[in-house]
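sequence plus predicted model, see below.
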Amino acid sequence: MTPRRAARPGGAEETAPEDPPGAEPPTGPDDPTGPEEPGGQGKFTFPSALTVLVCVTLAVWALAFVIPPGRYRRDGGAPVRGTYQREPDTASLLDRLSDLFLAPVNGLYGIQDPDTGQVGPEFSGALYGSAGVFLFVLAIGAFISVVFATGAMDRGIGRLAHRLRDRGSLLIAGVMTLFSLLGTVEGFAEETLGFYGLVVPLMLALGYDRLVATGTILLGAGTGVLCSTVNPFSTGVASAAADVSLGDGIPLRAAMWLVLTGVSVAYVVRYARRVRADPGRSRTGFLPGDRELAEAGTGSMPPLTTRHTVVLATVVLAFAVLVFSVVPWANVFTGEAGAEPYPWELGWSFPQLAAFFLAATVVVGIVSRMGEPRLSAAVVRGAADFVAPALVIVLARGVTVIMNNARVTDTVLHSVEETVSGTPGALFGVLVFLVNLPLAFLIPSSSGHATLAMPVLAPLADFAGVSRALVVTAWGAASGWMNLWVPTTAVVLGGLSLAKVGYHVYLRFVWPLLTVLAVLVCGFVALGAVLD
């Protein structure tokens, strides 16, 4: 999950495209501009991910009073089946209040005592908090913001769209594939809001409607996030919480990405061709001024400079290094989970990745000749823009700490052990996908959802006899699938508002595709369990 930026790196405020000359804003019950701003009288505004997690924290803390404590015997961190035992509840009310009060602190840098298993800032032992992931998210924020500040990313995508403007289907496929690739690699989501002003007029000029533009952007990036291969904000956080390598499960997720991206592209192209052949079949119709807007948006595009090309090459290289550094190549090539790593394998985790992306940020600033003041300002601004998702990770980890200190996590696992242990692996993967759908609605932040759910879901894979990486894949697909349509995400409602497409219109358009994607995901995770 990448955060929404309030302002473009470099100081330019992000704004929605202006209404074209002569256009009148839609009114009435079909107003496509989305819900009123928060604070409108009588309007319900769904709380933010931070607020939801605060409520979850309070709920889990309260439930810990009624759920009996217990523990499994563990072998290398994995619970041993059949070893669960109830334990006496020795925590006082003051202890529980302290756990609640310190939950955010423990979520960041809580230390787990090796003898008691308790987590707190005063202990000595292994880091239990998410400080490494927290810093990595800030480093990614600085990197992405500096890249956008150079103008290379915007111009690169703009050049691609402009070059393919006379080949409509190829344009749609190209933009969707590019956005999907960015989504699967680095969680390209909220960043797409800046491209509606470019893609909408291009699609209108080609004889398509605003829904085609919306599908191209929203479904392109969203399908990539659904099949996150190495997306650090979802798969990365989930893998860390599940105690597996980010590289585990990449072949399955890559195959999913290829198939699901192809299906999404075909779905949008099919609708686009239908609208172009018969504009009367458009689900949205055409607003007054659409033609003028199209003419204004199809002028000549500024070329890529050498500096922009170097920046884009640096971005590609950076994410290539990310993939290379986390993949367990010996396991991939030998097919053995415990294979000895090759000497040239990096085996990086979040601390090394955080340091690498900070260095890559400086490299981008140098090759783009931003200058020290502008680069420093962009780094600080980018890290600040990503504080919100980083805090979500911390709060979600704090919930895990409360469950750990109350010793109720193993009790929850034990309550479903019998059901899961008797479930075939293929069905287990499908159940993980289904169980996470409502959680993704309540917590649209994929990183927060992962940190909260994985400590419970991952050990269940040990009972079901499937790899934890399969749980990560099924969970990520559930989170990504929900974020293609739920109104709790800025990507959906923000994009529809910019494109002037009604939410109800979008739902009628997208539900057949959502059904197909859900069936495909269930098939892939079931197949992955069989082949595991």
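Received the coordinates, thanks. Residues are numbered from 1 along each chain as shown.

from here on, just use CA atoms for contacts and neighbour counts.
Fine.

can you find the helix or strand in the chain with the smallest mean pLDDT?
Least confident helix or strand of the chain, by mean pLDDT, DSSP states H and E, is helix 290-296 with a mean of 56.

could you point out the helix or strand that follows it?
Next in sequence after helix 290-296, counting helices and strands by DSSP states H and E, comes helix 306-326.

take that next one, keep the C-alpha atoms, and write them as CSV.
This file holds the C-alpha atoms of helix 306-326, laid out as CSV (Å, rounded to 0.1, in the frame of the first residue of the first chain):
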residue,chain,number,x,y,z
THR,A,306,18.6,12.4,-21.2
ARG,A,307,18.3,13.2,-17.5
HIS,A,308,14.8,11.8,-17.4
THR,A,309,15.9,8.6,-19.1
VAL,A,310,18.7,8.1,-16.6
VAL,A,311,16.3,8.6,-13.7
LEU,A,312,13.9,6.1,-15.1
ALA,A,313,16.7,3.6,-15.7
THR,A,314,17.8,4.1,-12.1
VAL,A,315,14.2,3.4,-10.9
VAL,A,316,14.1,0.2,-12.9
LEU,A,317,17.5,-0.9,-11.6
ALA,A,318,16.5,-0.1,-8.0
PHE,A,319,13.5,-2.4,-8.1
ALA,A,320,15.4,-5.0,-10.0
VAL,A,321,17.9,-5.0,-7.1
LEU,A,322,15.0,-5.3,-4.7
VAL,A,323,13.8,-8.4,-6.4
PHE,A,324,17.3,-9.9,-6.8
SER,A,325,18.2,-9.2,-3.1
VAL,A,326,15.2,-11.0,-1.5
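
so where's the stretch 151-300 of the chain uncertain?
Low-confidence segments of the stretch 151-300 of the chain, defined by pLDDT under 70: 157-166, 191, 194, 197-198, 289-300.

can you map out the helices along it?
152-163, 168-186, 196-205, 210-214, 220-226, 237-242, 250-277, 290-296 (DSSP state H, counting those that start in this stretch).

ranking those helices by burial, who's on top?
helix 220-226 (a mean of 33; mean count of other C-alpha atoms under 10 Å).

other SSEs contacting that one?
helix 168-186, helix 250-277, helix 468-482 (3 or more C-alpha pairs under 8 Å, 6 or more residues apart in numbering; DSSP states H and E).

reformat the ones you listed as JSON lines; add distance to Ala388.
Formatted as JSON lines, those follow (distance: least, C-alpha to C-alpha, whole Å):
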{"stretch": "helix 168-186", "distance to Ala388": "17"}
{"stretch": "helix 250-277", "distance to Ala388": "27"}
{"stretch": "helix 468-482", "distance to Ala388": "18"}
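
about what we covered before: right, and the helices of the stretch 151-300 of the chain - which one's nearest Thr409?
When those are compared by C-alpha to C-alpha, helix 237-242 sits nearest Thr409, at 14.0 Å.

of all the helices and strands packed on helix 220-226, which one is nearest Tyr84?
helix 468-482 (20.2 Å).

what angle separates the closest one from helix 250-277?
20 degrees (axes from the mean of the first three to the mean of the last three C-alpha atoms, to 10 degrees).

okay, helix 468-482 in PDB with CA atoms only?
What follows is helix 468-482, C-alpha atoms only, in PDB (Å, rounded to 0.1, in the frame of the first residue of the first chain):
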ATOM      1  CA  ARG A 468       3.200 -19.900   4.900                       C
ATOM      2  CA  ALA A 469       4.100 -18.300   1.600                       C
ATOM      3  CA  LEU A 470       0.800 -19.600   0.200                       C
ATOM      4  CA  VAL A 471      -1.100 -17.900   3.100                       C
ATOM      5  CA  VAL A 472       0.700 -14.700   2.200                       C
ATOM      6  CA  THR A 473      -0.400 -15.000  -1.400                       C
ATOM      7  CA  ALA A 474      -4.000 -15.800  -0.600                       C
ATOM      8  CA  TRP A 475      -4.100 -13.000   1.900                       C
ATOM      9  CA  GLY A 476      -2.600 -10.500  -0.600                       C
ATOM     10  CA  ALA A 477      -5.100 -11.500  -3.200                       C
ATOM     11  CA  ALA A 478      -8.000 -10.900  -0.800                       C
ATOM     12  CA  SER A 479      -6.700  -7.500   0.200                       C
ATOM     13  CA  GLY A 480      -6.100  -6.500  -3.400                       C
ATOM     14  CA  TRP A 481      -9.500  -7.800  -4.600                       C
ATOM     15  CA  MET A 482     -11.400  -5.800  -2.100                       C
END
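
who's in contact with Met370?
When contacts are counted by C-alpha atoms under 8 Å, 6 or more residues apart in numbering, Met370 touches Thr150.

wait, a helix at it?
No: Met370: not assigned to a helix; according to DSSP: H, G, I helix; E, B strand; the rest coil it is coil.

roughly how far does it sit from Asp113?
According to C-alpha to C-alpha, to the nearest Å, Met370 and Asp113 sit 46 Å apart.

with Gly247 instead?
29 Å.

quick one, which of the two is more surrounded?
Using other C-alpha atoms under 10 Å as the criterion, Gly247 and Asp113 rank with Gly247 on top: 23 against 18.

what's the neighbour count on Thr368?
Residue 368: Ser, not Thr. Ser368 has 22 nearby residues by other C-alpha under 10 Å.

now it, nearest residue through space, not along the chain?
Arg307 (5.8 Å; C-alpha to C-alpha, 6 or more residues apart in numbering).
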